[in-house]
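[1] Here is the input, now give the coordinates:
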Amino acid sequence: MRFDENIFFERYRQIFGALGRYQLDGLTRMLQAAERDGSFTSVRQLAYAFTTVQRETNVAGTVSGQRVSLTYNPITELGSRAYITRNYEGRRDLGNTQPGDGWKYRGRGYVQITGRTNYAKFSRLLGADFVGNPDLALDPDHAWSILSLGMHQGLFTGKKLDDYIPLDDRSRTDYFNARRIINPGEIRVRPDVVQQMAQNAVKWEAMLRSALLPETAVISAESAEPVFPTSIGAMPVEDDEAATVVATAMTARPTNGGASIAVAPVIPPATNYTLPTVIGRPDSGLTPFTKQGSAMSDGSQVGMGKPAFLQASVGGLKRLWAFVIGLVATGAGGVFGFVKNNPMVIVALIIGVVALVIFYIHVQRDLDKERMRLAANPNAENVR
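    Numbers count the residues shown, from 1 in each chain. Below you'll find the model as predicted:
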């Protein structure tokens with residue numbers, strides 16, 4: 001498939017808003033990579049691929065001293081070395097059997113592959129030494145190849161694009177449940193985010209169809225059949241903008257040969273969704289970005305909801321506050337007991353506060369472990 005870049009970016013700005021320089025560079029590489037990637041022959045599958053990268057890389061970082069959005073660029077999993085090592089080191093389910101594997105094989109790329117086993121798997125499949133040089137997964141070409149191959153063949157969770165987004169445009173697609181290809185856990189933990197992704201996928205589909213060069217996707221006018229509306233999933237779409245965008249982009253256009261693009265004249269507000277994959281190209285001089293030390297998106301992406309945290313939990317900050325509050329409360333209890341000259345009050349308050357702090361820390365630690373387990377698991381990657 002080939003696309004008119006001018007139309008594509010004009011439609012993007014109309015739908016999602018302005019692009020920062022690094023976002024523009026990243027999205028340009030993705031679009032060019034998609035044109036080179038012969039495995040993508042479906043606009044719908046490609047639309048979900050772009051949606052996936054938009055979600056997975058919707059974070060901000062510091063580049064050359066400036067705070068910028070890194071959306072559409074390969075990123076490294078967020079988290080301190082101590083935190084990631086504590087949660088990944090020695091994880092045999094990830095293949096982390098050697099000292100230092102937890103940190104060395106932390107998440108990287110468009111979908112942040114994690115663990116020695118996954119790095120070794122894609123090394124074999126793509127002929128690149130991701131095991132010896134994990135940062136190769138930050139190269140846009142490699143990051144795209146990992147995403148494309150993984151989503152088409154179901155290498156992340158066992159679910160693949162064809163399971164939810166048929167190649168035949170006359171079949172219904174399910175953008176909502178397509179999230180199972182990358183992160184099935186997020187459907188349970190953050191269904192609102194998955195629903196927003198489904199709505200965004202409809203917009204990406206409309207955008208791509210409007211920019212698609214006619215000679216790359218036409219069918220005979222005599223054999224043309226109506227295309228079923230794109231569906232989203234279990235949650236209905238309540239987005240007039242999305243409906244308007246799709247209706248505009250889906251109007252069939254005649255070509256020189258009397259054929260028309262194989263799309264529906266109008267796609268009404270949907271009820272089910274879809275997902276594809278994206279690659280990238282390192283030819284613009286833009287170096288891969290590391291998300292270490294950068295927590296969240298700058299909020300520049302319209303339609304992406306609240307700023308997204310990348311995999312690692314923020315429980316450490318909460319535990320710090322719990323410690324401070326416990327310390328203050330303990331001190332206050334001690335002062336109260338001293339004034340009342342009642343040592344039993346002092347002892348009781350200290351024991352009570354310490355117990356509460358320990359309980360809170362225990363709960364937060366369990367929550368952190370669960371988040372990191374889901375984030376690292378190949379069957380449930382990148383749970384926020």
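
[2] start to end distance for stretch 165-184?
    End-to-end span of stretch 165-184 (Cα to Cα, to the nearest Å): 16 Å.

[3] Of all the residues in it, which ones are buried?
    Neighbour-count burial for stretch 165-184 flags 165-166, 169, 172-184 (criterion: 16 or more other Cβ atoms under 10 Å). For the C-beta atoms, the positions are set from N, CA and C on the backbone; glycine is no exception.

[4] Would you map the strands across the protein?
    Ranges of strands in the chain, per DSSP state E, are 60-63, 66-69, 75-76, 108-109, 218-219, 260-261.

[5] quick one on the thing from earlier: among the buried residues of stretch 165-184, which has the minimum pLDDT value?
    Minimum pLDDT across the buried residues of stretch 165-184 is recorded for Asp169, with 87.

[6] my guess is that one contacts Ser42, does it?
    Yes - using Cβ atoms under 8 Å, Asp169 is in contact with Ser42, at 7.4 Å.

[7] quick one: low-confidence ranges for this structure?
    By pLDDT under 70, the weakly predicted segments of the chain are 215-320, 322-323, 363-384.

[8] rerun at 90
    The chain contains residues with pLDDT under 90 at 59-70, 78-79, 169-170, 214-384.

[9] in it, which spans are helices?
    5-16, 21-36, 43-56, 81-88, 101-104, 116-126, 140-153, 161-164, 184-189, 191-211, 240-249, 315-340, 343-376 (DSSP state H).

[10] buried stuff in the first one?
    It stands for helix 5-16. Using 16+ other Cβ under 10 Å as the test for burial, helix 5-16 gives 7-9, 11-12, 15-16.

[11] okay, those in CSV with distance to Pro140 next?
    Output for those, formatted as CSV (distance: Cβ to Cβ, whole Å):
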residue, distance to Pro140
Ile7, 23
Phe8, 18
Phe9, 18
Arg11, 22
Tyr12, 18
Ile15, 23
Phe16, 20
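
[12] Which one of those residues is nearest to Phe359?
    Nearest to Phe359 out of the buried residues of helix 5-16 is Phe16 (Cβ to Cβ; 43.5 Å).

[13] I'd like the distance between the closest one and Trp204.
    According to Cβ to Cβ, to the nearest Å, Phe16 stands 9 Å off from Trp204.

[14] thinking again about what came up before, highest mean neighbour count out of the strands of the chain?
    strand 108-109 (a mean of 29; mean count of other Cβ atoms under 10 Å).

[15] Name the residues that touch it?
    Contacting residues not belonging to strand 108-109 are listed as 74-77, 134-135, 137-138, 142-143, 146-147 [Cβ atoms under 8 Å, 6 or more residues apart in numbering].

[16] run the last query once more with 7 Å
    Under the criterion Cβ atoms under 7 Å, 6 or more residues apart in numbering, residues 74, 76-77, 134-135, 137-138, 143, 146 lie in contact with strand 108-109.

[17] surely Lys104 meets Gly132?
    No - using Cβ atoms under 7 Å, Lys104 makes no contact with Gly132, being 10.3 Å away.

[18] neighbour count winner among these two?
    For Lys104 versus Gly132, the count of surrounding residues by other Cβ atoms under 10 Å is larger for Lys104: 19 against 9.

[19] give me every residue that touches that one.
    Contacts for Lys104 were tallied using Cβ under 7 Å, 6+ apart; they are Pro134.

[20] so how far is Asp168 from it?
    Counting by Cβ to Cβ - Lys104 and Asp168 are separated by 43 Å.
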